[in-house]
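**Student:** Here is the input, now give the coordinates:
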Amino acid sequence: MKTRLFFTVALAILLTLQGSAQDLELWGLAPTPGYIYKLDQNGENKEIVYYISGTGGYGPKSEGSLVQADSKKLYGMTGQAGENNMGTLFEYDIAQQQYTILIEFDGSNGKKPETNSLIQASNGKLYGMTPEGGDYDGGVIFEYDLSTNTFTKLIDLHDTLGKHPHGDLYQVDNADSIIFYGLASEGGANNGGVLFKYNLTDSSYRVLVDFDGYYPYHKERGRHPFGSVIQADNGKIYGLTFEGGLHDNGVLFEYDPEDSTFVKKFDFSNDSTGKRPQGSLIQASDGQLYGLTVYGGTGVGAVFSYDITNDTLIKRVNLGDGAGSYPQGSLVQATSGKMFGTTELGACSSGGVFCFDPETDTIYRTACNGYPIGNLIEIVAIPVETYDTITENACDSYVSPSGNHIWTTSGRYTDTLPNAAGGDSIVTIDLTVNTVDASVTQDNNVLTANAENAVYQWLDCNNGYAILEGDTSQVFTAPADGHYAVSVTQGTCTDTSDCYTVSTTGIREDNANANIQLYPNPTKGNVTLKMTDVKNSVVSVYNIMGEKVFDMNDITTTEVALPVEALPAGIYFVKVRNDDHCRTIKLIKRR
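**Tutor:** Here you go, the predicted model:
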């Protein structure tokens, strides 16, 4: 039986796919002129991967952040795009480089989620908020089911519930329910915003904290939170307000879900601490909380840390001096331990990306950008889907590069080499399958190969398929009783016939009339032998070397399962012998 080596092609493609599987990248959104961009793991080498169209000559106001779902696709929102000029929810497939608008906001379902971001909850669905729209124009909380492409508005926000949220939801740890915490920048009892809890399981919404109103009623809890909350490893909720507190420059607060207590932990004051934090906190690998202020420091923002074990807030470093100015988003800590953020203005005329090293308290600009405001995310680099065409010639059959297909006829086929990191390789195979006629016509002790214009070599089956020297003609006359086969070569393909018995007395080889079937053949598993006459039948299986692999005796049924699944790939011969006939059938065992 002939073989065709395809593994070199497949291995080369797989190595190409896996070469950068563990490279890390930072991805983000820039609102003006509006695009999705990526950076290397050091925050450098910016590449614009897709321009997002805005309306009315303006950018799409994509000031939020991206989220990577389990599918490895990216999702985000724009605040000024789409047919209604009220924003969109979009998907970006990195592997296929395809941008798709999934939802166009129209006011009734929310509008203008400029600074909002999405999260993927534990149920696999996306959840988010808009700052406007809905029944009361105070924004909405919504759900998007990726499996059914279904958008559902869950809550219409208004004065009492809190309104105009500018961050994202945060799912807290809970074994029984899916529970989100979030912030609204306005509304509530004092119109200073609220901290709320939304239980998706029972669809209940509850205001937990009403933030303060305007002067002079602004000192106790802060007002106008613009970011999101996080749950630290002590189980408590932490967040920031943009204004309010003792100095009206914002506060850092703590909320304990266990006893529903709210504590203002720190009042931002002036340049010594930074002031007016607008983004969200992160808990870093050292256990401390880190955040950004828009102002303060030297006047253009600062990086601070807060130690939850001793209630200490420290300004770590000032923005400016080449690192950029007025950071309005949040930090992200990369696998390297360094933190990255964005600035709206500064070092570059259009803002940029900076790196902060918490071990050395150093900060520096890594890239210029288009007025970025939102957060970056770190993901494993996904190779772009590749396409290739190869031409293959095979003998009898061809196994595809992925190993998932076996083709036995000529044609054009497509195979996919999957990559766990994404970016599958799509291979088109122009395939020519050549077959060799290895059948034989027997007239007593004269055997004739039916293939014309071929190279012939007759073999002694009883002697491990030994070559019969000099017997290379199309017609072979057996010199003695025995079992004989012929190897037929046409072009680059070779096939070997069944073994034929030459016997002048006793049991005869009857390949035409024994009515014995062997299927499936070729096979990757076991095969079934079907016979019409089982009287005193014995089944023997031999390998290509003529060595007996196993026997089956005492056969009492017309269908017998031959246990060949565990045999190595190769050519075998199944010999069936009974009182009247002897039949040898070639079996091809595949991987």
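
**Student:** Setting aside sequence neighbours, what's the nearest residue to residue 391?
**Tutor:** residue 430 (4.7 Å; C-beta to C-beta, 6 or more residues apart in numbering). To be clear about C-beta, it is placed using only N, CA and C from the backbone, and glycine gets the same treatment.

**Student:** Likewise for residue 107?
**Tutor:** Going by C-beta to C-beta, 6+ apart, residue 107 has residue 133 as its nearest residue, at 4.9 Å.

**Student:** Over to residue 98?
**Tutor:** Here the residue nearest residue 98, using C-beta to C-beta, 6+ apart, is residue 92, at 7.3 Å.

**Student:** now the one you found: how far from residue 364?
**Tutor:** 29 Å (C-beta to C-beta, to the nearest Å).

**Student:** So for these two, which residue has more residues nearby?
**Tutor:** residue 92 (20 against 14; other C-beta atoms under 10 Å).

**Student:** what about the more buried one, is that helix, strand or coil?
**Tutor:** Recorded secondary structure, residue 92: strand (DSSP: H, G, I helix; E, B strand; the rest coil).

**Student:** ok, now which ones touch it?
**Tutor:** 36, 49-50, 66, 73-76, 98-100 (C-beta atoms under 8 Å, 6 or more residues apart in numbering).

**Student:** what about residue 534, neighbour count?
**Tutor:** Applying other C-beta under 10 Å, I find that residue 534 has 15 neighbouring residues.

**Student:** element containing it, please.
**Tutor:** If you go by DSSP states H and E, residue 534 is not part of any helix or strand.

**Student:** contacting residues for the closest residue to it other than its chain neighbours?
**Tutor:** With C-beta to C-beta, 6+ apart as the criterion, residue 534 has its nearest non-adjacent residue at 5.2 Å, and that residue is residue 555. Each residue near residue 555 by C-beta under 8 Å, 6+ apart is listed here: 531, 534, 537-539.

**Student:** Just the buried subset of those, please.
**Tutor:** 531, 537, 539 (16 or more other C-beta atoms under 10 Å).

**Student:** can I get the residues you listed in TSV with secondary structure, pLDDT and distance to residue 389?
**Tutor:** Listed next are these as TSV, based on DSSP: H, G, I helix; E, B strand; the rest coil; pLDDT from 0 to 100; distance: C-beta to C-beta, whole Å:
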residue	secondary structure	pLDDT	distance to residue 389
531	strand	84	47
537	coil	81	51
539	strand	87	46
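
**Student:** ok, so of the residues you listed, who is nearest residue 255?
**Tutor:** residue 539 (76.9 Å; C-beta to C-beta).

**Student:** mind listing what the closest one touches?
**Tutor:** By C-beta under 8 Å, 6+ apart, the neighbours of residue 539 are 529, 551-552, 555, 560, 562, 574-576.

**Student:** quick revisit: any idea how far residue 398 is from the residue nearest to residue 391?
**Tutor:** Residue 430 is 11 Å from residue 398, where distance means C-beta to C-beta.

**Student:** Just give the number of residues close to the residue lying closest to residue 204 once chain neighbours are set aside.
**Tutor:** Among residues not flanking residue 204 along the chain, residue 198 sits closest, at 7.4 Å (C-beta to C-beta, 6+ apart). Using other C-beta under 10 Å, residue 198 is surrounded by 20 other residues.

**Student:** pLDDT weak spots in the stretch 301-450 of the chain?
**Tutor:** Applying pLDDT under 70 to the stretch 301-450 of the chain picks out residues 347, 370, 420-423.

**Student:** Please enumerate the strands of it.
**Tutor:** 302-307, 312-318, 332-333, 339-343, 352-357, 362-368, 377-380, 386-395, 398-399, 406-407, 411-417, 425-434, 440-443, 446-449 (DSSP state E, counting those that start in this stretch).

**Student:** which element is the residue nearest to residue 204 on?
**Tutor:** strand 194-199.

**Student:** need the contacts of residue 92 in CSV with pLDDT and distance to residue 155, can you?
**Tutor:** Shown next, in CSV, are the contacts of residue 92 (pLDDT from 0 to 100; distance: C-beta to C-beta, whole Å):
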residue, pLDDT, distance to residue 155
36, 92, 29
49, 92, 34
50, 92, 31
66, 95, 24
73, 94, 26
74, 96, 25
75, 97, 20
76, 95, 21
98, 92, 32
99, 94, 29
100, 94, 26
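
**Student:** If anything else comes up later, I'll come back, but that's it for now.
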